[in-house]
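Colleague: Predicted model, plus sequence, below.
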Amino acid sequence: MKLKYLFFCCSLFLTLLHADSKKVDCLILEDENSIICKYSHERVSFAKNITVEWIEPDGIVTRTREMIIPAYHGSIYDYRYIQGRTQGTWTFKVIDNDKEFTTNFTIE
């Protein structure tokens, strides 16, 4: 019984650790010509202002958007079309107050 409890606690800890590291994630849907990026955060009782940046492989910010996450919402999405984008590794960055969260994806 103690072994099962220890396994459960370790699994829960690793799940929470993994969830925290994936606050920002992007998905490339080539058949729909789309890149969809998601920012997840803890739900709060007030609206939050965040800044989203799309950064090209050469470091140039090609889009900056101010977005509002409504109260009690846990995520927000932004998307762009693949066609016309520079090939290489892009960065999607979210600035939430004084914290920055990033993820990378590659357009081939």
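Modeller: Cool, the structure landed.
Colleague: From residue 55, how far off is the residue lying closest to residue 58 once chain neighbours are set aside?
Modeller: Among residues not flanking residue 58 along the chain, residue 86 sits closest, at 7.3 Å (C-beta to C-beta, 6 or more residues apart in numbering). Yep, even glycine has a C-beta here, placed from its N, CA and C like the rest. Applying C-beta to C-beta, to the nearest Å, the value for residue 86 to residue 55 is 11 Å.
Colleague: Could I get the pLDDT score of residue 13?
Modeller: Listed pLDDT for residue 13 reads 42.
Colleague: what sits against residue 64?
Modeller: Listed by C-beta atoms under 8 Å, 6 or more residues apart in numbering, the contact partners of residue 64 are 51-53.
Colleague: Spatially central, which residue of this protein would that be?
Modeller: In the chain, the C-alpha nearest the mean C-alpha coordinate belongs to residue 24, at 1.6 Å (C-alpha atoms, centre = their mean).
Colleague: what pairs with that one across the strands?
Modeller: residue 39 (DSSP bridges).
Colleague: Pull the contacting residues for it.
Modeller: Residues counted as contacts of residue 24 (C-beta under 8 Å, 6+ apart) are 37-40, 92-94, 101-103.
Colleague: redo that, cut-off 7 Å
Modeller: Each residue near residue 24 by C-beta atoms under 7 Å, 6 or more residues apart in numbering is listed here: 37, 39, 92, 94, 101-103.
Colleague: In ChimeraX, how would I select just the buried ones from those residues?
Modeller: Burial among the contacts of residue 24 is assessed by 16 or more other C-beta atoms under 10 Å; the matching ChimeraX selection reads:
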select :37,39,92,94,101,103
